[in-house]
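[1] all I have is the shape, not the residue letters:
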């Protein structure tokens, strides 16, 4: 469980962590023992009172066992918001799963929810979005004649529905610049990440930092560029369908290959576009099945 693994780092930032579910104390105690969770409080909300108070009571679960349970729209909603295996009385009372960030005065300052119940932001991904990232897993380091690069990933392991990120810290060499989004309109190759991913994963649009304008006097041309160190963030979502879970269950370690594509120029020369090979390694955690209440 990532929250347990990251507990001390979160605590060092002054953050407390708790997980709330509608499961009974006995089920949570068994789960904590099985997964060696010693620090993160697992709170039983078996009457769903806290779930209702936060406004995330999952009414679709009750619809899935109600008089309209065979309605195609209800079935579709159950698949998306409750369980890919269908609804049952045992899961009435569950919440829409997500993460709330609450300040010391009990006010919700941020929240993270996904459309598909199986997709979940990792704690590391949440902290990155809040602007207070915790340590990532270092990957390859390398250089070309145009730049230095350091790759990292938010999590060492993934599972069904994981939402995590890959990061590239890039430092252009002296007097060198790389092209930012918008420069493609002038015919330049924009720096970007290209990944070879299995069908059960999808990449979200790459997150780019602000660029600066560079004026090239010989062509009387201004283009958006990166001349100083910058970071590219590539967020990835692991699928949560039954088929995705089946495919993922056959893998212990996933090697994710890709490329950093870019074009570099100095004050006089524009060099040929480059595709720099990249590799990330991720272990795959099996889903934890706990008995129904």
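    Arrived safely, thanks for sending. This one's a predicted model, so the numbers in the text were calculated from it and none came from an experiment.
[2] ok, now which ones touch residue 121?
    Residues counted as contacts of residue 121 (CB atoms under 8 Å, 6 or more residues apart in numbering) are 99, 112, 114, 129, 163. Just so you know, the C-beta spots here come from the backbone N, C-alpha and C atoms, and that holds for glycine as well.
[3] all helices of the stretch 1-150 of the chain, in order?
    Using DSSP state H, counting those that start in this stretch, the helices of the stretch 1-150 of the chain run over 2-5, 7-12, 25-34, 49-53, 59-63, 72-81, 123-129.
[4] the last one - what's its average pLDDT?
    Just to be clear, that refers to helix 123-129. Helix 123-129 comes out with an average pLDDT of 82.
[5] sorry, back to before: confidence-wise, which of the contacts of residue 121 comes last?
    residue 129 (81).
[6] and that residue, how many neighbours does it have?
    Residues within reach of residue 129, counting by other CB atoms under 10 Å, total 17.
[7] and residue 176, by the same measure?
    The local packing of residue 176 (other CB under 10 Å) involves 19 other residues.
[8] equivalent analysis for the one 4 residues further on, please.
    Neighbourhood size, residue 180 [other CB under 10 Å]: 23.
[9] can you tell me the closest non-neighbouring residue to it?
    Once flanking residues are discounted, residue 180 sits nearest to residue 211: 3.4 Å by CB to CB, 6 or more residues apart in numbering.
[10] how close does the one you found sit to residue 176?
    Using CB to CB, to the nearest Å, residue 211 is found at 15 Å from residue 176.
[11] re the thing from before, nearest to residue 79, of the contacts of residue 121?
    residue 114 (14.2 Å; CB to CB).
[12] can you tell me how far that closest one sits from residue 126?
    12 Å.
[13] more neighbours: those two, which one.
    Neighbours per residue (other CB under 10 Å) separate residue 114 from residue 126, with residue 126 holding more: 20 against 17.
[14] now do the contacts for that one.
    99, 101, 112.
[15] let's go with 6 Å and repeat that
    99, 112 (CB atoms under 6 Å, 6 or more residues apart in numbering).
[16] next one: residue 236
    164, 201, 203.
[17] show me which of those residues are buried.
    Among the contacts of residue 236, those scoring as buried are 164, 201 (criterion: 16 or more other CB atoms under 10 Å).
[18] dump the contacts of residue 236 to a markdown table, plus distance to residue 171, secondary structure and pLDDT.
    What follows is these, written out as a markdown table (distance: CB to CB, whole Å; DSSP: H, G, I helix; E, B strand; the rest coil; pLDDT from 0 to 100):
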| residue | distance to residue 171 | secondary structure | pLDDT |
| --- | --- | --- | --- |
| 164 | 24 | strand | 91 |
| 201 | 28 | strand | 94 |
| 203 | 24 | strand | 94 |
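[19] return the member of the contacts of residue 236 nearest to residue 241.
    Using CB to CB, residue 201 is the member of those that sits closest to residue 241, with 11.9 Å.
[20] okay, and the beta partners of that closest one?
    residue 238 (DSSP bridges).
[21] if I look at it, how far off is residue 117?
    Taking CB to CB as the measure, residue 201 falls 18 Å from residue 117.
[22] now do residue 257
    In terms of CB to CB, residue 257 sits 30 Å off from residue 117.
[23] ok, those two, which is more surrounded?
    residue 117 (23 against 12).
[24] now do the SS call for residue 232.
    strand (DSSP: H, G, I helix; E, B strand; the rest coil).
[25] that one: neighbour count?
    The number of residues packed around residue 232, counting by other CB under 10 Å, is 20.
[26] for it, what are its contacts?
    By CB under 6 Å, 6+ apart, residue 232 lies in contact with 168, 206.
[27] same thing but 10 Å
    149, 151, 166-170, 191-193, 206-209, 226, 260 (CB atoms under 10 Å, 6 or more residues apart in numbering).
[28] poorly predicted segments of the stretch 151-293 of the chain, please.
    287-293 (pLDDT under 70).
[29] all strands of it, in order?
    Counting by DSSP state E, counting those that start in this stretch, the stretch 151-293 of the chain has strands at residues 157-158, 162-172, 177-179, 192-196, 201-203, 212-216, 221-226, 230-238, 253-262, 264-265, 274-284.
[30] which of these is buried the deepest?
    Across those, the average number of neighbours (mean count of other CB atoms under 10 Å) peaks for strand 177-179, which reaches a mean of 25.
[31] quick one: contacts of that strand?
    146-147, 170, 172, 183, 186-192, 211-212, 214, 216, 223-228, 230, 260, 262-267, 270, 273-274.
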